[in-house]
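Colleague: Show me how the following folds:
(one chain, ligands or ions: 2)
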Amino acid sequence: MSIAHSNAVNPLGHPENLPTNPAWKRGKGKRPSELLPDATLVKWLRDMYLIREFENRTAQAYQAAKIGGFCHLYIGQEAAAVGTIQSLEHDDPIVTAYRDHGHALARGMSVEACMAEMYGKITGCAKGKGGSMHMFDKPNWLFGGHGIVGAQTPLGTGLAFASRYEWEVMKRSVTGGPAKKKVSLAYLGDGALNQGALHEAMNLAGLWNIPVIYVVENNGYSMGTAIHRGTTMSEDLTKKADAYGILGAIIDGFDVIDCYDHFKPIVDWCRENQKPAFVDLKTYRYLGHSMSDPQKYRTKEEVEQFKGKDSIDRLASHLMTERKKADGSFVLSEQAFMQLQTDVKEEVRHGIELAEAAPVPDLSELYTDVLLNPMPNMSPMGEYTHGVKNPLL
Ligand SMILES: Cc1ncc(C[n+]2csc(CCOP(=O)(O)OP(=O)(O)O)c2C)c(N)n1
Ligand SMILES: [Mg+2]
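Modeller: Ligands and ions are numbered 1, 2, ... in the order given. Next up, the predicted model:
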């Protein structure tokens, strides 16, 4: 007797029509980045350079004890945030882990709001109460910055579910305006791959066709644990997506153009079909896990090898020596690149100056924004709002 459990129908459709096999890869049509205005690519360069400069200045401020608590820098991974966020609409929600300054800046948060948050100042994006790991920016559709490894993945799934519910059931957006087809991104580190919450979320996303993309920022290490020592099938993580009937892809997250050209078709497909995806985005962090990490788990040569193909250098060189304007000249001159760097340095310096000068929150802030109960009369939780002391503490 044979018991057949297999479902013969491929839930994703014909392989030819999948966004992992876009037309440009089959020699038809242009790459998505070729269709963009030159100025857009220069803006990407600026965004990545801004993150790099911001992080270098953050390291200095941390060493000078101006920033307290945990602090995880994004240097090396800039192309991952910029390439993926640039593939979205501005009102597509995103949620990420604690290495979050790059996502916040790439989403449009000001240097001042981001730095003031780390300084614990009232002008910070979370009034100085969240710190480095908890960047939050509702106007820019960034729903945190989360310190518990993997905890943001069900939240990203919920954001995507809410968007689909608005579009399909409510036919309106609760934040105003008409409902539209959206995609949400839930970023996670490779260390979150083994968290149960991720697998519960992926199962629901696959089962209910929730338009969320799980973006694994695979920098090869979870603190000091190399990925192959921590998770199964590390050489092909898309097999984890297969298990839930979710489209999987491996993308170079170290080259912003390549990242965009491969990621954008996936975003478009998820939006159009309201389906989930899972992306193994290969990247690398140049610095330690956090500000205190002796890095005994990797060699200096390995770090140098990645620095040798740095994403900012690569894009700058592409714009200065390969990509041409309509008039035949290169898109970026050496002088314009130098000016860009000077402007960014000034922007960061000014933002830090404002953050330093800003006041710390008043003590009364301890009791605001801590818990918001939308229906205080319908639940005993009402007692906890409006600054009432938690009786359990
Ligand atoms: C549930 C949980 N377990 C353990 C930790 C401690 N911890 C903080 S960061 C981290 C490593 C995560 O690495 P990865 O997800 O690869 O992110 P990366 O630091 O490389 O960006 C761990 C284990 C935590 N914050 N939450
Ligand atoms: Mg990692």
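Colleague: tell me which residues form a beta bridge with the closest residue to ligand 1 within the stretch 201-350 of the chain?
Modeller: Proximity to ligand 1, evaluated over the stretch 201-350 of the chain using CB to the nearest ligand atom, is greatest for Ser222 at 3.5 Å. All C-beta spots, glycine's among them, are computed from the backbone N, C-alpha and C. Counting by DSSP bridges, Ser222 forms beta bridges with Thr225.
Colleague: mind checking how far it is from Pro19?
Modeller: In this view, Ser222 and Pro19 are 28 Å apart by CB to CB, to the nearest Å.
Colleague: which bits of the chain sit near ligand 2?
Modeller: By CB under 5 Å from the ion, the residues of the chain that approach ligand 2 are 189-190, 219, 222.
Colleague: With neighbour count added, can I get those residues in a markdown table?
Modeller: A markdown table is the format used below for these (neighbours: other CB atoms under 10 Å):
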| residue | neighbour count |
| --- | --- |
| Gly189 | 24 |
| Asp190 | 24 |
| Asn219 | 25 |
| Ser222 | 19 |
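Colleague: can you give me the strands for the stretch 151-300 of the chain?
Modeller: Secondary structure of the stretch 151-300 of the chain by DSSP state E, counting those that start in this stretch: the strands cover 184-189, 212-218, 221-222, 225-226, 247-252, 277-282.
Colleague: any chance of these in a markdown table, with distance to Glu301 too?
Modeller: Output for the strands of the stretch 151-300 of the chain, formatted as a markdown table (distance: least, CB to CB, whole Å):
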| stretch | distance to Glu301 |
| --- | --- |
| strand 184-189 | 23 |
| strand 212-218 | 20 |
| strand 221-222 | 16 |
| strand 225-226 | 15 |
| strand 247-252 | 21 |
| strand 277-282 | 19 |
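Colleague: need the ones you listed in CSV with mean pLDDT, can you?
Modeller: Putting the strands of the stretch 151-300 of the chain into CSV (pLDDT from 0 to 100) gives the following:
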stretch, mean pLDDT
strand 184-189, 98
strand 212-218, 98
strand 221-222, 98
strand 225-226, 98
strand 247-252, 98
strand 277-282, 98
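Colleague: if I read this right, Tyr221 contacts Arg229, doesn't it?
Modeller: No: contact criterion CB atoms under 8 Å: Tyr221 and Arg229 do not qualify, at 9.7 Å.
Colleague: Of those two, which one has the most company?
Modeller: Neighbours per residue (other CB atoms under 10 Å) separate Tyr221 from Arg229, with Tyr221 holding more: 22 against 11.
Colleague: check contacts around the more buried one.
Modeller: By CB atoms under 8 Å, 6 or more residues apart in numbering, Tyr221 lies in contact with 190-191, 227, 285, 289, 297-298.
Colleague: In a strand, Ala65, correct?
Modeller: No: assessed with DSSP: H, G, I helix; E, B strand; the rest coil, Ala65 is coil; it does not lie in a strand.
Colleague: For ligand 2, see how far away it is.
Modeller: Between Ala65 and ligand 2 the computed distance is 27 Å (CB to the ion, to the nearest Å).
Colleague: And for Glu55?
Modeller: 16 Å.
Colleague: which other helices and strands contact the host helix or strand of that residue?
Modeller: Element membership for Glu55, per DSSP states H and E: helix 38-63. Other elements packing on helix 38-63 under the criterion 3 or more CB pairs under 8 Å, 6 or more residues apart in numbering; DSSP states H and E are helix 78-85, helix 101-107, helix 111-119, helix 256-273, helix 311-321, helix 334-357.
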